[in-house]
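Enquirer: No sequence on hand, only this structure:
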């Protein structure tokens, strides 16, 4: 899961795209640090290497498990750039580390990505219109761009930091 992130460690992010079944006009967002999409997040780094983060099926685990890959999980999708100040401010910052949260059986459900003095979490869970996660299962991707949202997600689902 983590090899694609390890390869781009120390590199600057240059682009971000969301992949969804609908375009940006139908983005589910609370306008305060949480976006929810159906498929995956694509992060492009300065050397043009790309990391995809989304849910995927893993044998022996529940149907939807957070995964990271150098290749897309999607066969078809609407691909668009999120139009938020957060992502604009993140461009050009170096990837400095990451942490994985989930359950003791090592099922990952939240990837906390550290850029220079800025964190973003990408997690999987079902869509909740009140933006409060209720179940660790789910085929939607949550992008959490403020520390309050990240901590709430971890606390509500009782996620634990996994050793990676």
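Expert: Arrived safely, thanks for sending. What you are looking at is a predicted structure, and each value in this text was computed from that prediction instead of being measured.

Enquirer: Which helix in the chain has the most residues?
Expert: helix 147-156 (DSSP state H).

Enquirer: can you pull the buried residues of that one?
Expert: 149, 150, 152, 153, 154 (16 or more other C-beta atoms under 10 Å). C-beta here means a position set from N, CA and C on the backbone, and glycine is covered the same way.

Enquirer: just for the chain, where's the confidence low?
Expert: Scanning the chain with the threshold set as pLDDT under 70 gives 1, 57-58, 60-63, 106.

Enquirer: So what does the spatially most central residue of the chain have for phi and psi?
Expert: In the chain, the residue lying closest to the centroid (C-alpha atoms, centre = their mean) is residue 122, at 2.2 Å. Backbone torsions of residue 122, given as degrees, to the nearest 10, read phi -120, psi 130.

Enquirer: My guess is it contacts residue 109. True?
Expert: No. Using C-beta atoms under 8 Å, residue 122 makes no contact with residue 109, being 10.1 Å away.

Enquirer: and residue 82, helix, strand or coil?
Expert: Per DSSP: H, G, I helix; E, B strand; the rest coil, the local secondary structure of residue 82 is coil.

Enquirer: So it versus residue 11, what's the distance?
Expert: For residue 82, the distance to residue 11 equals 20 Å [C-beta to C-beta, to the nearest Å].

Enquirer: who has more neighbours, those two?
Expert: Taking other C-beta atoms under 10 Å, residue 82 and residue 11 do not tie; residue 82 has more neighbours (18 against 14).
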